[in-house]
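> Have a look at this fold, sequence not included:
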Ligand code: NAI
Ligand code: BGC
């Protein structure tokens, strides 16, 4: 992809899953990669190891990696994440809002309020704080920048057993458009990616049960669960100069899950 070599990319929640896949892909494109992690340094080190072991997709990967612990829902941690990234690399060019948590509530109620608060704190407050820090940095330096939001098919698809989660992703969709509009004149592009079911730790519960896995695959027209690399390639494109005219959009990478697969039975 054009224009990623030498850029600095901050990826939240990059020690596992989709975030790890995105970290590896940006490193392959020659970017400096900031791997934010919440709890387990050894997982972040594994992301770093996978970056350094990956094949370059541009002439000579000279990018570096930086591990930064921090909880995206905490203002001081987000401030420190940006300060450490700027200290190490001089600037930040791309923010990937990827950190997120999901909890399912299978009883008749919506969810206990404590769970609602925590899901919103990570998925929405965290996303808000990181986006705000990125916009302040980009505008402060009068430079263009890119924000990518890892949303979900549930930005628009209802998710009855995961109402707080779906609500956080729906709000993310609105903020993708709103920030794109507010900051377009400053050269800042903001886009979202809405994955379907991807093979990551967030899904390890049902993926391990063959009937459950089959049930999910039955409503994916392409017939399989996606891979983190299939989200990472879209992220690399949207952050690159090849997407220079795209802002304010959420793109779905979901094997067709969001295109009404039940209509095939009509
Ligand atoms: P994951 O559970 O492997 O990744 C989530 C990451 O967020 C973890 O590394 C976790 O440590 C981190 N995290 C959690 N709380 C945090 C906090 N307070 N501060 C910083 N980091 C924190 O799962 P996955 O799938 O890689 O999830 C990444 C994103 O992709 C999430 O936003 C999720 O909602 C989204 N997504 C995932 C889909 C899937 O099927 N795997 C589908 C649609 C969206
Ligand atoms: C969730 C996954 C789920 C997928 C499709 C994502 O937002 O994080 O757990 O498999 O949506 O329903």
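Received it, and whenever you're ready, just let me know what you need. Just so you know, these numbers come straight off a predicted model, no measurement behind them. Ligands and ions are numbered 1, 2, ... in the order given.
> Can you check which strand is longest in this protein?
Counting residues, the longest strand found in the chain (DSSP state E) is strand 188-195.
> In the sheet, which strands lie alongside it, parallel or antiparallel?
Its sheet considered, strand 188-195 pairs with strand 145-150 (parallel), strand 250-253 (parallel) by DSSP bridges.
> I'd like the next helix or strand past it.
Moving toward the C-terminus from strand 188-195, the next helix or strand (DSSP states H and E) is helix 204-207.
> which outside residues touch the helix or strand residue 211 falls within?
Residue 211 belongs to helix 210-218 when assigned by DSSP H and E. Helix 210-218 is contacted from outside by 197, 206, 207, 223, 224, 225, using CB atoms under 8 Å, 6 or more residues apart in numbering. Any C-beta I mention is one placed from the backbone N, CA and C, and that applies to glycine too.
> In contact with the second one, which residues are there?
Read that as residue 206. Counted by CB under 8 Å, 6+ apart, residue 206 has contacts 212, 213, 216.
> Look up phi and psi at the spatially most central residue of the chain.
Residue closest to the average C-alpha location in the chain (CA atoms, centre = their mean): residue 98, at 2.7 Å. Phi and psi for residue 98, reported as degrees, to the nearest 10, are phi -120, psi -30.
> residues contacting it?
With CB under 8 Å, 6+ apart as the criterion, the residues that contact residue 98 are 11, 12, 13, 14, 18, 19, 22, 150.
> need the contact list for residue 63.
So residue 63 contacts 5, 6, 26, 27, 29, 30, 31, 32, 33 (CB under 8 Å, 6+ apart).
> Pipe the strands paired with strand 188-195 into TSV and attach mean neighbour count per row.
Formatted as TSV, these follow (neighbours: other CB atoms under 10 Å):
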stretch	mean neighbour count
strand 145-150	25
strand 250-253	19
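> Would you mind saying which of those strands lies nearest ligand 2?
Of all the strands paired with strand 188-195, the one in closest proximity to ligand 2, counting by CB to the nearest ligand atom, is strand 145-150 (9.2 Å).
> and stretch 230-241, does that touch ligand 2?
No. Figure legend: stretch 230-241 not in contact with ligand 2 (CB under 6 Å from any ligand atom); closest approach 11.0 Å.
> which residues sit against that stretch?
Against stretch 230-241 from outside (CB under 8 Å, 6+ apart): 1-4, 7, 9, 18, 21-22, 24-26, 29, 94, 96, 146, 148, 150, 191, 193, 195, 198, 243, 246, 251, 253.
> 6 Å - rerun?
Under the contact criterion CB atoms under 6 Å, 6 or more residues apart in numbering, stretch 230-241 has outside partners 1-4, 18, 21-22, 25, 29, 94, 146, 148, 191, 193, 195, 243, 253.
> can you check stretch 187-201 too?
By CB under 6 Å, 6+ apart, stretch 187-201 touches 16-18, 138, 144-153, 155, 176, 179-180, 216, 225-227, 231, 234, 238, 247, 249-255, 257.
> Residue in the stretch 101-250 of the chain with the shortest distance to ligand 2?
Counting by CB to the nearest ligand atom, the stretch 101-250 of the chain gets nearest ligand 2 through residue 152, at 3.1 Å.
> show me what contacts that residue?
Counted by CB under 6 Å, 6+ apart, residue 152 has contacts 169, 194.
> Look up how far residue 159 lies from it.
For residue 152, the distance to residue 159 equals 8 Å [CB to CB, to the nearest Å].
> does ligand 2 sit close to stretch 259-266?
No. Between stretch 259-266 and ligand 2, judged by CB under 6 Å from any ligand atom, nothing touches; the nearest distance is 12.2 Å.
> Centre of the chain to that stretch, how far?
Put simply, stretch 259-266 sits 28 Å off its chain's centre (CA atoms, centre = their mean, to the nearest Å).
> Now that stretch: average pLDDT?
On average, the pLDDT along stretch 259-266 is 90.
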